[in-house]
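Chemist: Build the 3D model from these lines:
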Amino acid sequence: MNGACGASRFAAGGSGEITADEQRRLVAALARHLAARHGGAAVRTIETHISYVLLAGEAAYKLKKAIALPFVDYSTRARRRHFCDEELRLNGRLAPALYRGVVDVRGSPDDPMLDGPSPPIDHMVLMRAFDDDALLSERLARGDVAPERIDELAARVAAFHAGLPPAASGTAFGAPERVLADALENFDEIAPLVDPPWEGRVDALRRWTQAEFARCAASFAQRRRAGCVRECHGDLHLRNVALVDGVVTVFDGIEFSDELRWIDVASEVAFTAMDLCDRGRDDYAWRFLDGWFAATGDYDAAGVLRYYLVYRAMVRAKVRLLRAAQLRTGAAEREARAEAERYLVLAERLAHDVAPAVVLMHGASGAGKSTFARVLCERLGAIRLRTDVERKRMHGLAAAAASRSATGAGLYTADATQRTYDRLAALAAAIVGAGYTAVLDGTFLERARRERMRELAARLAAAFAIVDVVVPPDVLRERVARRAAAGGDPSEATLEVLERQLARAEPLAGAELACVVAIDGTTAPGDPRLDAAWARVDSMRRAARGAAP
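Modeler: Numbers count the residues shown, from 1 in each chain. Coordinates of the predicted model:
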């Protein structure tokens, strides 16, 4: 069909269905039309496997390809319109400032227009454009993502998840059998694509996935009943996160597949964490998880986290292997295959990096335990539990909320404190049972509370360590006074509380001393002089499982 016949077909109100070839011509013509519409500025076209994006000045126009693939069907104009509307709805939840509307394309493939009386021939999502340099993936590559941005991302994702309704009980979303089928489907597609040296290793990962699923099956079912399966973003990696107007913004969620979007929130955050690990930032992966756990209190997710981390790495390996198969030969094919093998190596590491341990932070209020505990989590790949945060959560308060409890009253009665430590013990047991290290961030000034956690570790065949944060009393007093005056911290310790702690603390002694790693609490958290202390804690926990220190 030539251009003139194509124009007459659309003008005459024919089938209205554009072909893939006509759509490619449409994209070229739209680039010319948009250049004129936006004052003659050059229009850049980006092609992905399922869409075209035309960047014109401060606007971005996203056109869905007229294709039908196993995982997406954009084959009709009606379907493309539907998914444009869905993209607007879904991404408006996280990035309302970026998504502006749906634009009808009129005219013909060779002479398109965005206005006029003629019927639409296609549709585009209109977005606000931003520089590629704003993507967190690009910023991370050049070392330009501050730790606070990871905290911001974690808080934003946690708040997003908290506001989502759970999947209806009658749906199959998140059902254990579906969770396993999705993972095994990856292996079925990967098996014929890997090079012979990888065949045995991929088979081993498949067997690990089946064994891990058997261990987690009850947890998957319980989490589904508890409402943890929700209509998530679905594609939460760093290329879909940008710094826009100084705000961390998540965009480009999956609109074309209910199954890929209605997932356990643990699967969502595992994708982000896996992507950070793949980019060489395990520390940021665990900082992100630490922020999300603290905000949501969903520590049950630790029980299925490893399964989802490996699953996400295998999905990425599959995508790169499929791309390599399409390319067949050449440098691009070799690059795609190398990327796939990198994801397979990551999947192996995530599957087998198991180091269950209980690590206590020890020291009076103001010692800096929470700051050092977070560094420890980033260094070890651990999950932090804070008494200050969990105490308030048990009473329905946000972490930074002021309870206005008097010393020894309200949230701080002996009974409330005991229940707080009971909760920490229960959460720690679940975390350790999943093969992770639990870092317990409290004062632990009483020997009985330390002994209880040591016995817990022994019962679970896990390592046990105490990180003793040593700070002179006058520095503690100055820090506590300053923090109390500023407010907004999970800790509500006052100078009165601190003096009681100093008077009643039971010093580390006897068999405890063999488990202690002491650090100077006046040292900056990132000071290299602390590296030896962190390495010793890591050595202690790995030695307990028979690994090389």
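Chemist: mind checking which helix or strand residue 263 is in?
Modeler: Assigned by DSSP states H and E, residue 263 falls within strand 262-264.
Chemist: Name the nearest residue to residue 107, ignoring sequence neighbours.
Modeler: Spatial nearest neighbour of residue 107, excluding adjacent residues (CB to CB, 6 or more residues apart in numbering): residue 113 at 4.4 Å. (C-beta placed from N, C-alpha, C; glycine too.)
Chemist: so that neighbour bridges to which residues?
Modeler: Beta-bridge partners recorded for residue 113 (DSSP bridges): residue 106.
Chemist: give the contact list for the spatially closest residue to residue 223 that is not a sequence neighbour.
Modeler: Spatial nearest neighbour of residue 223, chain neighbours left out: residue 264 (5.8 Å); criterion: CB to CB, 6+ apart. In this structure, residue 264 makes contact with 174, 179, 220, 223, 224, 228, 229, 301, 304, 308, judged by CB atoms under 8 Å, 6 or more residues apart in numbering.
Chemist: so what pLDDT did residue 264 get?
Modeler: If you check residue 264, the pLDDT there is 98.
Chemist: try the one 3 residues further on
Modeler: Residue 267 carries a pLDDT score of 98 in this model.
Chemist: That one against residue 312, yeah?
Modeler: Yes. With contact defined as CB atoms under 8 Å, residue 267 and residue 312 form a contacting pair (7.4 Å).
Chemist: quick one: the helices in the stretch 101-250 of the chain?
Modeler: For the stretch 101-250 of the chain, the helices defined by DSSP state H, counting those that start in this stretch cover 136-141, 147-162, 176-190, 196-225.
Chemist: among those helices, which is nearest residue 534?
Modeler: Of all those, helix 147-162 sits nearest to residue 534, with 16.4 Å by CB to CB.
Chemist: Just the buried residues of that closest one, please?
Modeler: 149, 150, 151, 153, 154, 156, 157, 158, 160, 161 (16 or more other CB atoms under 10 Å).
Chemist: same deal with stretch 449-460?
Modeler: Residues of stretch 449-460 classed as buried by neighbour count (16+ other CB under 10 Å): 449, 450, 453, 454, 456, 457, 460.
Chemist: In these, find the pair that's most separated.
Modeler: 449 and 460 (17.2 Å).
Chemist: Quick one: end-to-end length of stretch 289-309, please.
Modeler: Using CA to CA, to the nearest Å, one end of stretch 289-309 lies 12 Å from the other.
Chemist: and if you look at stretch 232-240?
Modeler: With CA to CA, one end of stretch 232-240 sits 14 Å from the other.
Chemist: One more: stretch 154-172?
Modeler: 28 Å.
Chemist: circling back: for the residue nearest to residue 107, give me its contacts.
Modeler: 33, 105, 106, 107 are the contacts of residue 113 under CB under 8 Å, 6+ apart.
Chemist: Could you look up the SS state of the first one?
Modeler: With DSSP: H, G, I helix; E, B strand; the rest coil as the basis, the three-state label of residue 33 is helix.
Chemist: Now do the contacts for it.
Modeler: Residue 33 neighbours (CB under 8 Å, 6+ apart): 112, 113, 114.
Chemist: hmm, try it at 7 Å
Modeler: 112, 113 (CB atoms under 7 Å, 6 or more residues apart in numbering).
Chemist: Retrieve the pLDDT associated with it.
Modeler: pLDDT, residue 33: 95.
Chemist: do the same with the third one
Modeler: Note for residue 106: predicted pLDDT of 95.
Chemist: Count the residues that sit near it.
Modeler: Residues near residue 106, counting by other CB atoms under 10 Å, number 18.
Chemist: okay but it is in contact with residue 116, surely?
Modeler: Yes. Here residue 106 reaches residue 116: they are 5.2 Å apart, a contact under CB atoms under 7 Å.
Chemist: Find residues that contact each of these two.
Modeler: If you check residue 106 and residue 116 against CB under 7 Å, 6+ apart, no residue is contacted by both.
Chemist: re earlier: ok, the buried residues of stretch 449-460 vs residue 375, which is closest?
Modeler: Nearest to residue 375 among these, counting by CB to CB, is residue 453 at 20.3 Å.
Chemist: what sits against that closest one?
Modeler: Taking CB under 7 Å, 6+ apart, one finds 358, 360, 425, 440 in contact with residue 453.
Chemist: Name the helix or strand for it, please.
Modeler: helix 447-459.
Chemist: go on, residue 533?
Modeler: Judged by DSSP H and E, residue 533 forms part of helix 531-543.
Chemist: quick one: contacts of that helix?
Modeler: 355, 357, 359, 376, 379-380, 437, 463, 465, 467, 517, 519, 549.
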